[in-house]
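J.: quick one, what's the 3D model for this:
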Amino acid sequence: MPAAEKANDYIGWAPPYDRVPEESKFFVYSLGDKTMCISDDCGMGGYFVECLGGWISGYKDIGEVIDYGFGGVGFDIDAQKIITIADKDGKIVGIYPGASIKNIYYILRNHRNLVSDDDFEGCSDLLPERWNIFTSLFYRF
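T.: Here you go, the predicted structure:
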């Protein structure tokens, strides 16, 4: 399934954010969470995605979107949060119903193949301890 936004897509923001950067390693698309945001404007989750070389955009008002196959199982796409993760080619590799941008760090741990281990660890070290709780648990003793 193709991603809602991928490299070089026009997204309607003012330059330089009017197109998704071609050099993005992966794409995160958030629906129903924060008001419109892109990149590090999406908070700490956006900062983390940007550090990893990915692209993130968030939209509060869902509007006309693909239901990602959830419509038939009682998931109300218009009233719920959803995060999609896509690879460099714009192919969706993860769909997370009920997740929000603040869960990005934990979600991206499931997709370590999208970035190098060095990049993931380096960007993880830049996050506040609250965001990096998994790693910090092993360094407390």
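
J.: C-alpha from now on. contacts and neighbour counts both.
T.: Noted.

J.: helix, strand or coil for the residue nearest to the spatial centre of the chain?
T.: Taking C-alpha atoms, centre = their mean as the criterion, residue 28 is the residue nearest the geometric centre of the chain, at 2.8 Å. Using DSSP: H, G, I helix; E, B strand; the rest coil, the three-state assignment for residue 28 comes out as strand.

J.: and the contacts of stretch 82-96?
T.: The set of residues external to stretch 82-96 that reach it, using C-alpha atoms under 8 Å, 6 or more residues apart in numbering, is 1-3, 5-7, 24-33, 97-101, 114.

J.: of all the residues in it, which ones are buried?
T.: Neighbour-count burial for stretch 82-96, with 16 or more other C-alpha atoms under 10 Å as criterion, is recorded at 82-88, 90-95.

J.: all helices of the protein, in order?
T.: 44-52, 104-108, 117-126, 133-137 (DSSP state H).

J.: which one of those helices lies closest to residue 20?
T.: Checking these against residue 20 by C-alpha to C-alpha gives helix 44-52 as the closest, at 12.2 Å.

J.: orientation of the closest one relative to helix 117-126 in degrees?
T.: Direction vectors for helix 44-52 and helix 117-126, defined by axes from the mean of the first three to the mean of the last three C-alpha atoms, to 10 degrees, enclose an angle of 140 degrees.

J.: let's see helix 44-52 as CSV, backbone CA atoms only.
T.: Below are the C-alpha coordinates for helix 44-52, written out as CSV (Å, rounded to 0.1, in the frame of the first residue of the first chain):
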residue,chain,number,x,y,z
MET,A,44,9.9,15.6,20.4
GLY,A,45,8.7,12.8,18.1
GLY,A,46,9.2,15.0,15.1
TYR,A,47,12.6,16.0,16.4
PHE,A,48,13.6,12.3,16.6
VAL,A,49,12.3,11.5,13.1
GLU,A,50,14.2,14.5,11.7
CYS,A,51,17.4,13.4,13.5
LEU,A,52,17.1,10.0,11.9
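
J.: remind me which residues of this protein are low pLDDT?
T.: Scanning the chain with the threshold set as pLDDT under 70 gives 1, 14, 34, 61-79, 130-141.
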